[in-house]
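J.: output the structure for:
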Amino acid sequence: MSNPWTRATPAVWPYGANGGSGDNFSSLPNGQAKCVGVVQPGTLSLPFGDLIIPPWKITFASAPTTGNTFSRYLLFSEDNTTPVWPGGISPTSSSDQSALLTALLAYDAPFASVALLDQLTLSASVTTYYTRWHGLKGIFSDGNIPTFTTILCYNQSGVALATYSSGNQVTTYATETYT
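T.: Numbering: from 1, shown residues only. Have a look, this model is predicted:
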């Protein structure tokens, strides 16, 4: 009997570092928040078994301010339309989404604890950071994986992220499906 789980080769988020649809990640200015695009199953009738978010490599253009942060928020939708994404945030817009995130956190304060994937606390002596590995199946213990997923990156470091090169920005994911 063959293994019914299939893990796809890691891919770059559509608007991640050097993404196929654009790049909302590299050179992200200080004080701005942008999404890295939408990941979704090939067909709605064959949903994800899991969405794996391996460690990302994040490089700043210069030394960030000690104590400042870089945050990643997970956002989900079941129909992939705007404004049905939380707070009206657009997962594919190249515009700054920080005002929408701030408003969302103001009227739904618990959202931050639910949606915050991770937050790096930065040091002026370090310009390159690595995030933790995450799998949505572990986050959603009931086994339900959202149909449409994006990550909102909020740069509050004091400096911009570095421009893209294959060695300084890595924003990948991998999907698992059950066949």
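
J.: would you mind giving both backbone torsions of Thr102?
T.: As for Thr102, its main-chain torsions (degrees, to the nearest 10) stand at phi -60, psi -40.

J.: so for it, what's the pLDDT?
T.: Per-residue confidence (pLDDT) for Thr102: 96.

J.: could you do Thr179 as well?
T.: Thr179 is assigned a pLDDT of 69 by the prediction.

J.: one more: Met1?
T.: At Met1 the predicted local distance difference test score is 63.

J.: equivalent analysis for Ser45, please.
T.: The predicted structure scores Ser45 at 69 on the pLDDT scale.

J.: the chain: helices as residue ranges?
T.: Under the criterion DSSP state H, the chain contains helices at 98-107, 111-115, 136-139.

J.: right, and those helices - which one's nearest Leu46?
T.: With respect to Leu46, and counting by C-beta to C-beta, the nearest of the helices of the chain is helix 136-139 at 15.9 Å. To be clear about C-beta, it is placed using only N, CA and C from the backbone, and glycine gets the same treatment.

J.: other SSEs contacting the closest one?
T.: Helix 136-139 makes packing contacts with strand 48-53 when contacts are defined by 3 or more C-beta pairs under 8 Å, 6 or more residues apart in numbering; DSSP states H and E.

J.: centre of the chain to the strand it packs on, how far?
T.: Relative to the centre of its chain, strand 48-53 is centred 13 Å away, using C-alpha atoms, centre = their mean, to the nearest Å.

J.: with just CA atoms, put it into PDB.
T.: Taking C-alpha atoms only, strand 48-53 is exported to PDB below (Å, rounded to 0.1, in the frame of the first residue of the first chain):
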ATOM      1  CA  PHE A  48      -4.900  20.600   2.300                       C
ATOM      2  CA  GLY A  49      -3.900  18.000   4.900                       C
ATOM      3  CA  ASP A  50      -1.400  20.500   6.200                       C
ATOM      4  CA  LEU A  51       0.400  23.700   5.300                       C
ATOM      5  CA  ILE A  52       4.000  23.700   6.400                       C
ATOM      6  CA  ILE A  53       5.800  27.000   7.100                       C
END
